[in-house]
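Student: what follows is a predicted structure for the sequence shown.
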Amino acid sequence: METYSIFKDLAIIIIFAKLFGILARKCKAPQVVGEIIAGLLIGPSLLGLVQQSDFLTRMAEIGVVLLMFSAGLETNLKELMKTGPVALLIACSGVFVPLLGGALLYMGFYGIAPWGSEEFYKAVFMGVIMTATSVSITVQSLKEMGKLKGKVGTTILSAAIIDDVIGIIVLTFVIGFKNPQSNPGSVVLSTVLFFVMALVVGFIVFKVFKKLDERYPHTQRIPILGLALCFFFAYAAEKYFGIADITGAYVAGIVLCSIRDSSYIDRKMEVSSYIIFGPVFFASIGLKTSIDNVSAALLLFSAGFVIVALITKIVGCGLMARLCRFRFQDSLKIGVGMMTRGEVALIVAQKGLSVGLLTPEYFTAVILLIIVSSISTPILLKLLYSKDKETAAA
């Protein structure tokens, strides 16, 4: 491949990704849905304008690391601590039930796999994809209805943050266990050591950044050093602890989320992520999604995947909310609010593809889940809140 061909590919990806992203937004769907569809359209499965290459794979990897760094920066630790035990219980239930549901679904289609086998980890990984929550659509819907700052809205936001943290930890364990040379003890030890390192180094780094932030507020050296920290944590996590690089990037974001200029760092990261790395990552999902081998059986699995993913979130989060003494109607709102999937589900799926736990055709199921959950969540939330008004009027 000639070097100049890279520029043609990037131009096509950026134009199509942004065009379809705008169309998706106008249709009240997340922009990422449009970018994925753009990748599918221009990829080998349809128009064949862009072929997957090692360069684009590397660009997409940088994109996913930056996305997870931003997710960490946007974490509100004070809000997380405030809602505390209730949000933690809802998040744990919202991870466990989909994890179990996804594994059972895969085994129901492809047979019971013995513990520790390749097929067993593939089944568990289907559940791991289902654990992710993306509340951007929920947040927008609650904002429009003026319900974001209520008890239900705050609980959904906090539980979603904890949900993703637990989901990333589960991903780390599954990838570690999948390695045939690893054993449960070494995986647990390396994971614990990583988080101990992150806690110690993170505390020191936080203090250093806090001092720098006080001395050089709102200067570009802060986001530049923040980006260096993100890449260092991503490298150290994978190289020395055998943990996914996205976990390291996410932890780096959490380390800096409480400094005064965290939002400033996030805005600077968004420039490169929004303009080039993000579109390349989401379009690359479409490029890798194979529809050539889509069979009736795979479509049936995809439909089952979507149904199980939605129901297990509602049941897992809603039931725990009910046990935590929320009213039935509010428990249902929390369950519905937590069922949207987005960037994190794609990031997890992408990681599964890179380590051999997922094959490209299964991206069809993940993309379908994102589209269906993004469209259905706002509709169901509005219906649930309208019932509250009807009850009050009666």
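Tutor: Looks like it came in fine.
Student: and stretch 252-272, which residues are buried?
Tutor: For stretch 252-272, a neighbour-count test (16 or more other Cβ atoms under 10 Å) marks 252-257, 259, 261-262, 264-266, 268-269 as buried. Placement of C-beta: from N, CA and C, glycine included.
Student: average pLDDT across whichever helix or strand Ser263 is part of?
Tutor: In this assignment (DSSP states H and E), Ser263 forms part of helix 262-272. For helix 262-272, mean pLDDT is 83.
Student: what does the helix or strand following it rub up against?
Tutor: With elements assigned by DSSP H and E, the helix or strand that comes after helix 262-272 is helix 278-288. Identification of contacts with helix 278-288 by Cβ atoms under 8 Å, 6 or more residues apart in numbering yields 10, 13-14, 16-18, 21, 32, 35-44, 50-52, 56-57, 59-60, 63-64, 66-67, 346, 349-350, 353, 360, 363, 367.
Student: now the angle between helix 262-272 and helix 278-288, please.
Tutor: 50 degrees (axes from the mean of the first three to the mean of the last three Cα atoms, to 10 degrees).
Student: now for the following helix or strand past helix 278-288, which elements pack on it?
Tutor: Next along the chain after helix 278-288, taking DSSP H and E as the criterion, comes helix 296-323. Helix 296-323 sits against helix 77-110, helix 118-131, helix 328-337, helix 363-393, with contacts defined as 3 or more Cβ pairs under 8 Å, 6 or more residues apart in numbering; DSSP states H and E.
Student: what's the average pLDDT for helix 296-323?
Tutor: Looking at helix 296-323 alone, the average pLDDT works out to 92.
Student: what residues of it count as buried?
Tutor: For helix 296-323, a neighbour-count test (16+ other Cβ under 10 Å) marks 298, 301-302, 305-306, 308-310, 312-322 as buried.
Student: that helix vs helix 77-110, what angle?
Tutor: Here helix 296-323 points in a direction 140 degrees away from that of helix 77-110 (the same axes, to 10 degrees).
Student: how far off centre is helix 296-323?
Tutor: Relative to its chain's centre, helix 296-323 lies at 17 Å (Cα atoms, centre = their mean, to the nearest Å).
Student: and the angle from that helix to helix 328-337?
Tutor: Helix 296-323 runs at 140 degrees relative to helix 328-337, counting by the same axes, to 10 degrees.
Student: Met107: neighbour count?
Tutor: 17 (other Cβ atoms under 10 Å).
Student: just Leu77 next, same as before
Tutor: Other residues close to Leu77 by other Cβ under 10 Å number 11.
Student: rewinding a little: check the helices and strands packed on helix 296-323 for me: which has the lowest mean pLDDT.
Tutor: Of all these, helix 363-393 carries the lowest average pLDDT, namely a mean of 76.
Student: I'd say Thr340 and Leu142 touch.
Tutor: No. Contact criterion Cβ atoms under 8 Å: Thr340 and Leu142 do not qualify, at 11.7 Å.
Student: let's verify Pro114: helix, strand, or coil?
Tutor: Under DSSP: H, G, I helix; E, B strand; the rest coil, the three-state class of Pro114 is coil.
Student: spit out the contact partners of it.
Tutor: Pro114 neighbours (Cβ under 8 Å, 6+ apart): Phe120.
Student: rerun that using 6 Å as the cut-off
Tutor: By Cβ atoms under 6 Å, 6 or more residues apart in numbering, the contact list for Pro114 is empty.
Student: what does it show for phi and psi?
Tutor: phi -70, psi 150 (degrees, to the nearest 10).
Student: so what's it scoring on pLDDT?
Tutor: Value for Pro114, per-residue pLDDT: 82.
Student: if I look at it, how far off is Phe120?
Tutor: The gap separating Pro114 from Phe120 is 6 Å, by Cβ to Cβ, to the nearest Å.
Student: and the spatially closest residue to Phe241 that is not a sequence neighbour, helix, strand or coil?
Tutor: Using Cβ to Cβ, 6 or more residues apart in numbering and skipping residues adjacent in sequence, the residue nearest Phe241 is Phe194, 4.0 Å away. Secondary structure, three-state DSSP: Phe194 is helix.
Student: quick check: Phe194 touching Tyr240?
Tutor: No. Between Phe194 and Tyr240 there is no contact, the gap being 8.1 Å when judged by Cβ atoms under 6 Å.
Student: returning to what we had before: turn the helices and strands packed on helix 296-323 into a markdown table, columns for distance to Arg221.
Tutor: Conversion of the helices and strands packed on helix 296-323 to a markdown table gives the following (distance: least, Cβ to Cβ, whole Å):
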| stretch | distance to Arg221 |
| --- | --- |
| helix 77-110 | 24 |
| helix 118-131 | 37 |
| helix 328-337 | 39 |
| helix 363-393 | 37 |
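Student: to Leu171, which of these lies closest?
Tutor: Across the helices and strands packed on helix 296-323, Leu171 has its closest neighbour in helix 118-131 (5.5 Å, Cβ to Cβ).
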